[in-house]
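[1] Model the structure of this input:
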Amino acid sequence: YHMLNSDVISMPDKWEYPWYAAWDLAFHCIPIALADPDFAKEQLILLLREWYMHPNGQLPAYEWAFGDVNPPVHAWAAWRVYKIERRVRGVSDRAFLERIFHKLLLNFTWWVNRKDPDGANIFQGGFLGLDNIGVFDRSAPLPTGGHLEQSDGTSWMGMYCLNMLAIALELAKEDMAYEDVASKFFEHFVYIAHAMNDIGIDGMALWDNDDGFYYDALRLPDGSQHFLKIRSMVGLIPLFAVETLEPEIVDRLPDFKRRMQWFVDNHPDIPEHIEMTQRSARGLRRMLSLVNRKQLRRVLARMLDENEFLSPYGVRALSRFHQDHPYEVQVNGNISRVQYEPAESVSGLFGGNSNWRGPIWFPVNYLLVEALQKFHHYYGEDFKVEFPSHSNREFDLWQVASEISRRLVRIFLRDRTGRRPVAGGSEVFQSDPHWRDLILFHEYFHGDTGAGLGASHQTGWTGLVAKLLEQSGE
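    Next up, the predicted model:
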């Protein structure tokens, strides 16, 4: 009854999806901020206003299912828009950042209270925008009973903590009152990292050391737990939660620094996810990450393997390994399976053409590029991996991020034969002189060919390609 949604809102696609969606809108605001920072800021604040956000702190997911849960990317978007405007205009809008931070606190608290029922820092967000990524419909009660402990839900919350920490540290530069809340997000992140990697519930983490990958865990009514060993974007999302604390920021906040050091000293089992290296005369640099150095290498070995996630056009949502090795679960006499599908879903399950079982999606690819840049910012040129895997060519993580960006941009560019991958087999858009330069921004893209799929006018989050072009100059 609190809702009164009659505003100008950025839509995913005014042709096929003429309704707002919370996480779509957050991604829209990144390329929008390059041209109109004011509109981007207004859009982000809008969904947090009292006639959108529920009094308990929940954000409406989209107009046809307000109660669904989208990944909590609003804090990330607000922080990115704040920094884009500072670079574009040369001024910082502290009032915007402070205003949105207070409302985000309500939403963060809702997540903690509603989506971590066991109080173990392992989250169960449900659908989380990834449609048919898994073997079960994550928005519905499980046919097995019990619940899923979600790698992506927990990782999104780890990322949310670090986004809020970064904003709090920025605000603390001018108001020391924010030091306390910065400490709160620092400590909460470390608890999440510890739970996800080390103990989980009853001793089971979401990291599978045998496979070197993150999986959802199925917790059954009898208390037993089982990995759902699907190599999907669910296992790559932990990479998003990474942030470096620079000494020039920490050293000017003595209360935060003292509390952080006390926490580290008194939790000897936790510092594995707080890397500390003396990198320069500026002082001690610290990196917070769900994925430690050893885990990073193992996850990237799969992500950068062209027989698994790495496509000529970006990173697939599901490993190509599952083309010949589908994952199956038998429940109550029925077999549910996940198989690599590079284009639209072959099943009507979970929404028909909605498909996260192989295609390339821009929002998560953009976050992967950004995460690799952040890891490089800390590790530097000395940390190198094979790119692609098994190629015997070593790249640092900045170079890897740049190469993935090029593959994503390549979707829209003409190749040597003059054809654009995005247009696929449509000769009208490939060769007709009246249409060949009118490029469509599709919802997602074929995992092997780069052809556009799904909604054809989803300039919204696929518009992130503009930001990739802007930052790479290619």
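[2] Please, where are all the helices along the stretch 51-200 of the chain?
    Counting by DSSP state H, counting those that start in this stretch, the stretch 51-200 of the chain has these helices, from start to end: 74-89, 94-115, 151-172, 178-194.
[3] now, of the ones you listed, which is deepest in the fold?
    helix 151-172 (a mean of 26; mean count of other Cβ atoms under 10 Å). Where C-beta positions appear, they are placed from N, C-alpha and C, glycine not excepted.
[4] quick one: that one to chain centroid distance?
    12 Å (Cα atoms, centre = their mean, to the nearest Å).
[5] Could I get the CA-only coordinates of the helix-or-strand element of the chain with minimal mean pLDDT as CSV?
    In the chain, no helix or strand scores lower on mean pLDDT, DSSP states H and E than strand 274-280, which sits at a mean of 76. What follows is strand 274-280, C-alpha atoms only, in CSV (Å, rounded to 0.1, in the frame of the first residue of the first chain):
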residue,chain,number,x,y,z
ILE,A,274,42.7,-9.7,4.3
GLU,A,275,45.9,-9.5,2.3
MET,A,276,48.5,-7.1,3.6
THR,A,277,51.6,-6.2,1.7
GLN,A,278,54.2,-3.4,2.0
ARG,A,279,54.1,-2.1,-1.6
SER,A,280,55.4,1.4,-1.3
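[6] Let me know the angle separating that strand from helix 178-194.
    Strand 274-280 runs at 120 degrees relative to helix 178-194, counting by axes from the mean of the first three to the mean of the last three Cα atoms, to 10 degrees.
[7] Now strand 274-280: buried residues?
    274-275 (16 or more other Cβ atoms under 10 Å).
[8] related to what we said a few turns ago, in TSV: the helices of the stretch 51-200 of the chain, plus distance to residue 215 and mean pLDDT.
    Output for the helices of the stretch 51-200 of the chain, formatted as TSV (distance: least, Cβ to Cβ, whole Å; pLDDT from 0 to 100):
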stretch	distance to residue 215	mean pLDDT
helix 74-89	24	97
helix 94-115	19	96
helix 151-172	6	97
helix 178-194	17	95
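[9] Serialize those to TSV and add fields for distance to residue 443.
    Listed next are those as TSV, based on distance: least, Cβ to Cβ, whole Å:
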stretch	distance to residue 443
helix 74-89	19
helix 94-115	26
helix 151-172	19
helix 178-194	31
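[10] Wait, residue 228 touches residue 329, no?
    Yes. Using Cβ atoms under 8 Å, residue 228 makes contact with residue 329 at a distance of 7.4 Å.
[11] The helices of the stretch 51-200 of the chain: which one's closest to residue 206?
    Counting by Cβ to Cβ, residue 206 lies closest to helix 151-172 out of those; the figure is 4.7 Å.
[12] for the closest one, packing partners?
    helix 74-89, helix 94-115, helix 178-194, strand 242-245 (3 or more Cβ pairs under 8 Å, 6 or more residues apart in numbering; DSSP states H and E).
[13] Let me see the mean pLDDT of stretch 338-351.
    Stretch 338-351 carries an average pLDDT of 82.
[14] Residue 416: which of the helices of the stretch 51-200 of the chain is closest?
    Comparing the helices of the stretch 51-200 of the chain by Cβ to Cβ, helix 74-89 comes nearest, at 34.2 Å.
[15] Does the closest one pack against any helices or strands, and if so which?
    So helix 74-89, by 3+ Cβ pairs under 8 Å, 6+ apart, packs with helix 22-35, helix 37-46, helix 94-115, helix 151-172.
[16] can you give me how far stretch 71-89 is from the chain middle?
    Worked out by Cα atoms, centre = their mean, stretch 71-89 lies 14 Å from the chain centre.
[17] what does it contact?
    22-23, 26-27, 29-30, 33-34, 37, 40-41, 44, 47-48, 59, 91-93, 96-97, 100-101, 104, 107-108, 111, 125, 128-129, 152, 156-157, 159-160, 163-164, 166-167, 170, 367 (Cβ atoms under 8 Å, 6 or more residues apart in numbering).
[18] what do you get if the cut-off is 6 Å, keeping everything else the same?
    Stretch 71-89 is contacted by residues 23, 26, 29-30, 33, 37, 40, 44, 92, 97, 100, 104, 128-129, 156, 160, 163-164, 166-167 when judged by Cβ atoms under 6 Å, 6 or more residues apart in numbering.
[19] ok, back up a step: can I get the helices and strands packed on helix 151-172 in a markdown table including distance to residue 55?
    Output for these, formatted as a markdown table (distance: least, Cβ to Cβ, whole Å):
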| stretch | distance to residue 55 |
| --- | --- |
| helix 74-89 | 17 |
| helix 94-115 | 9 |
| helix 178-194 | 21 |
| strand 242-245 | 30 |
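[20] count of neighbours near residue 282?
    11 (other Cβ atoms under 10 Å).
[21] What confidence value was assigned to the nearest residue to it once chain neighbours are set aside?
    Counting by Cβ to Cβ, 6 or more residues apart in numbering, residue 282 lies nearest to residue 247, which is 4.9 Å off, once chain neighbours are set aside. At residue 247, the model reports a pLDDT of 94.
[22] Pull the contacting residues for residue 247.
    Taking Cβ under 6 Å, 6+ apart, one finds 282-284 in contact with residue 247.
[23] Mind checking which of those land in strands?
    Within those, residues falling in strands by DSSP state E are 283-284.
[24] Put together CSV for the contacts of residue 247, with pLDDT on each row.
    Putting these into CSV (pLDDT from 0 to 100) gives the following:
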residue, pLDDT
282, 84
283, 89
284, 90
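[25] would you turn the contacts of residue 247 into TSV with distance to residue 456?
    Shown next, in TSV, are the contacts of residue 247 (distance: Cβ to Cβ, whole Å):
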residue	distance to residue 456
282	49
283	51
284	50
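[26] between the contacts of residue 247, which is nearest residue 371?
    Nearest to residue 371 among the contacts of residue 247, with distances taken as Cβ to Cβ, is residue 284, at 22.5 Å.
[27] ok, now which ones touch that closest one?
    Taking Cβ under 6 Å, 6+ apart as the test, what residue 284 contacts is 247, 276.
[28] Identify the bridge partners of it.
    residue 278 (DSSP bridges).
[29] From residue 381, how far out is it?
    The gap separating residue 284 from residue 381 is 20 Å, by Cβ to Cβ, to the nearest Å.
[30] for residue 178, same thing?
    For residue 178 relative to residue 381 (Cβ to Cβ), the value is 34 Å.
[31] next one: residue 254
    For residue 254, the distance to residue 381 - Cβ to Cβ - is 33 Å.
[32] So, low pLDDT: which residues of this protein?
    Within the chain, the ranges that satisfy pLDDT under 70 run 199-204, 278-279, 349-354, 473-474.
[33] Kindly tell me how buried residue 360 is, as a neighbour count.
    26.
[34] List the contacts of it.
    313-314, 445, 447.
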